[in-house]
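> Would you be able to build a 3D model of this:
(2 chains)
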Amino acid sequence: MITGVGKNTQGLPEDAPRAWRRWTRRAQNIAAILWPSFLAACVATAVFFGYIDPLDLAAISTSFQDYSSLAGYAIGFFFFWTVCSLSSLLSVFLIRTSRRPDGTARDNQHH
Amino acid sequence: MAQRGIINIIEPAMDQQNSLYQSAEKIHAREVDGPFDSLRTISVVVLLGLYYILPWLRWDDRQAVLFDLPARKFYILGLTFWPQDFIYLAWLLIIAGVALFFFTALAGRLWCGFACPQTVWTTAFVWMERLTEGNRSKRIKLDNSPWTMDKIRRKAAKQVLWISFALWTGYTFVGYFTPIVDLGREIATLSLGPWESFWVLFYSFATYGNAGIMREQVCKYMCPYARFQSSMFDRNTLVISYDEARGEPRGSRSRKHGKNSATEHLGDCIDCHLCVQVCPVGIDIRNGLQYECIACAACIDACDSVMDKMEYPRGLVKYTTENAIAGEKSQILRPRIFFYGTVLLILLIGLAGALSSRYELRMNVLRDRNALYRELASGRIENVYTLKVLNKSDRNHPLTLSVKGMPDLTVETDPQQPVALAGELTTITARVQATPADGNAGGNNIVFEVRSKSAPDISTESKSRFFLPAN
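From the prediction side, this is the model:
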């Protein structure tokens, strides 16, 4: 049977589903890094390749001459996703390691 | 519950926030019947039906909806979109955003409960889960039981259904970008290209993970809309609410007794917890509006069925406004709705107008980079241009080319009788000649015009410069 978190704080009976199913902090971090960057990468890919044909890029590059346009789109998408993920990673890192306004550290309360 | 003025969306209680390292437990949502559930079923069938059927439809001799990335052309029914039409996509996204504001201000998270792909695919996955593992109590029992043959059989059947469905979803997704019949043939003959294979698996995996495994966690932890919805809400927004005044104090009672002396101190809530058990995100709507709520209205269906059994009036949990609950007048048609509605309407009319009057022909003029000008034996000066003529329509246009801006300009083209082929970018070389005395030394503004011979009302212009030598 499913037991509630925080000792049944909402006065639910024992057979109630857990009202606040949660992700771990790590899972939240990963989601906060990968998901917004995925959305941003989609926008960047659409705008960038809306104006630029990957075959034109391949033609003027030195190491991607033989790449198909599908490969070009995929490489572009994953490039944008990686770069955006790095940005999200830094944002999450800065937020998670900052002190609260009252001076206590953010992440040490659960150990 | 709610403050005056703005709507109050309840944050998780403090002790719950402290349990962040608790591992996730599975929510077993109870099945429910009712008008809202039927509405969702219809919505899921229609939306998934569109998704899976659209790529199979034909238009003339091509796929009706095809985003042909290698050719950089998007076909949607009779329309062909080019990269130059990117503005329409941006416009469409703006319309989608304003529509989200409009519907959220009107009736809360309608999108989440009935139209969001996350909900639609999760609903389909839950159906498959129910088919193989049974109803809620059976599923709970199954999950808590040791691994028996029956459990292995049921879990395996579910995985087979889920994975097949996810793979078919991935195949369909790639079928929007690569002609789906060819794609099917390549899969059947195991000759699928590496990138197509990758994207089929990528999208299948995303579908499986989002709709099978993560489900409501996506809404809770990954969806930005859930977090800023409150800025679109006001006290006149239709939201799912528990009528606290009528329901409290809650308490169980026998149906036979109904309201009698023993229960007359109780409100109408019989505390049966059905509203909690049917909730796909695992909240208790009786605690007030919470940001986890995706407004699926399963709790309304559940509570109404209980109210019917108890022979109490329906609507203990219902779509209503904060104002109505507080006993004030709710005003559905309010300035905010009119404002969003008007903006939405203007954008839609604009898009329809722009689409119906799309240029069939577009032209770019590029000057020859090698030489500014060339002196001919006759003493006239020649400039060479490359014309890129884009024909967005599905008919060929034989062209006449004219150049204006200087007196006595003549033009020769290669090919001599240029034709802008249907749906193609045609390159034409144009040699333009002028007498040096007719213009300034240096650059002179000229205008190229191409006009269709078959449909003379269709033409397009493009500016360029004509260079003459000094002296």
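> residue contacts, the closest residue to residue B:106 other than its chain neighbours?
When the adjacent residues along the chain are set aside, residue B:106 lies closest to residue B:337, with 6.0 Å between them (CB to CB, 6 or more residues apart in numbering or on different chains). Yep, even glycine has a C-beta here, placed from its N, CA and C like the rest. Contacts for residue B:337 (CB atoms under 8 Å, 6 or more residues apart in numbering or on different chains) come out as B:102, B:105, B:106.
> Could you list the low-confidence segments of chain A?
A:1-22, A:105-111 (pLDDT under 70).
> out of everything not next to it in sequence, what's closest to residue A:28?
According to CB to CB, 6+ apart, the nearest residue to residue A:28 is residue B:221 (5.6 Å).
> cool, residue A:35 as well?
residue B:222 (4.5 Å).
> Any idea which residue is closest to the centre of chain B?
For chain B, the residue nearest the mean C-alpha position is residue B:96 (7.5 Å; CA atoms, centre = their mean).
> Name the residues of the one helix or strand that one maps to that are buried.
Assignment of secondary structure by DSSP states H and E places residue B:96 within helix B:86-107. For helix B:86-107, the neighbour count (16 or more other CB atoms under 10 Å in any protein chain shown) marks B:88, B:91, B:95, B:98-107 as buried.
> can you check stretch B:369-387 too?
Across stretch B:369-387, burial judged by 16+ other CB under 10 Å covers B:372, B:373, B:381, B:382, B:383, B:384, B:385, B:387.
> Pipe the residues you listed into JSON lines and attach distance to chain A, pLDDT and secondary structure per row.
Listed next are the buried residues of stretch B:369-387 as JSON lines, based on distance: CB to the nearest CB, whole Å; pLDDT from 0 to 100; DSSP: H, G, I helix; E, B strand; the rest coil:
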{"residue": "B:372", "distance to chain A": "24", "pLDDT": "85", "secondary structure": "coil"}
{"residue": "B:373", "distance to chain A": "28", "pLDDT": "88", "secondary structure": "coil"}
{"residue": "B:381", "distance to chain A": "32", "pLDDT": "91", "secondary structure": "strand"}
{"residue": "B:382", "distance to chain A": "29", "pLDDT": "92", "secondary structure": "strand"}
{"residue": "B:383", "distance to chain A": "25", "pLDDT": "92", "secondary structure": "strand"}
{"residue": "B:384", "distance to chain A": "22", "pLDDT": "93", "secondary structure": "strand"}
{"residue": "B:385", "distance to chain A": "20", "pLDDT": "94", "secondary structure": "strand"}
{"residue": "B:387", "distance to chain A": "19", "pLDDT": "93", "secondary structure": "strand"}
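> Residue A:101: which of the residues you listed is nearest?
Taking CB to CB as the measure, residue A:101 lies nearest residue B:387 of the buried residues of stretch B:369-387, at 63.7 Å.
> Could you check what's spatially nearest to the most centrally placed residue in chain A, not counting adjacent residues?
Centroid check for chain A by CA atoms, centre = their mean gives residue A:34 as the closest residue, at 1.8 Å. Distance criterion CB to CB, 6+ apart; nearest residue to residue A:34, sequence neighbours excluded, is residue A:85 at 6.3 Å.
> and the closest residue to residue B:58 other than its chain neighbours, how many neighbours?
Of all residues not flanking residue B:58 in the chain, residue B:64 sits nearest, at 5.9 Å (CB to CB, 6+ apart). Around residue B:64 sit 15 other residues, with neighbours defined as other CB atoms under 10 Å in any protein chain shown.
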